[in-house]
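Peer 1: sequence and predicted structure below; questions after.
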Amino acid sequence: MAGRAGYAYPFGDDGRIRGHWRPGSECGVFPIWSLVADNLYLGAEPVHGFPTDVVAVVDCDQVRFYEEPKDAVFLHLHFDDGPTVPEPALLEAAARLINRLRTIGPVYLHCRFGLNRSALLAARCLLLAGAEPAAAITQLRERRDERVLSNETFADYLMTLQPGG
């Protein structure tokens, strides 16, 4: 029996989370966070803390279940995981900022599970750094989880973009 999407995720002591990321989905198991590129972590809602030495935390969820970090830049982007891509100009501006912050130190990018909303933004960061769309998606799936960008609207949008722009 499937649980309520996005909310049934107890954290384990093994650095993994368990939960339902889509209505009617089976329970999935994911790392709390994954290093997906140089100085770029992609992960779940960080209620148990962040990777060490992050210089910024970027929250792509609608709600926040933790206190803002005291020693890092905090940015909250209210993205929906649905059939509409967030405003492209906002995605690009946020990705440019994240890539600049990555030159200073690690950035933690998350939504509820680190699979769609934050992965869309992580992929946009990789594209601005010169990656091809398919390669960026593959890299995120290999380093985070095969279910990354299972939101087909997001994946299809990324495939329309050019590297570096």
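Peer 2: That came in fine, so what should we check first? Everything numeric here is computed off the predicted structure, so don't read it as measured data.
Peer 1: now do the same for the residue nearest the centre of the chain: helix, strand or coil?
Peer 2: Among the residues of the chain, the one closest to the centroid is Ser118, at 2.5 Å (CA atoms, centre = their mean). Here Ser118 is recorded as helix under DSSP: H, G, I helix; E, B strand; the rest coil.
Peer 1: now do the same contact list for it.
Peer 2: Contact analysis of Ser118 by CB atoms under 8 Å, 6 or more residues apart in numbering lists Leu42, Gly43, Val58, Cys60, Leu109, His110, Cys111. Every C-beta, even on glycine, is put in place using the N, C-alpha and C of the backbone.
Peer 1: and with 6 Å instead?
Peer 2: Leu42, Cys60, Leu109, His110, Cys111 (CB atoms under 6 Å, 6 or more residues apart in numbering).
Peer 1: what about the helix or strand containing the first one, distance to the chain center?
Peer 2: Here Leu42 is covered by strand 40-43, with elements defined by DSSP states H and E. What separates the centre of strand 40-43 from the centre of its chain is 6 Å, taken as CA atoms, centre = their mean, to the nearest Å.
Peer 1: quick one, strands of the protein?
Peer 2: 16-19, 28-31, 33-37, 40-43, 56-59, 73-76, 107-110 (DSSP state E).
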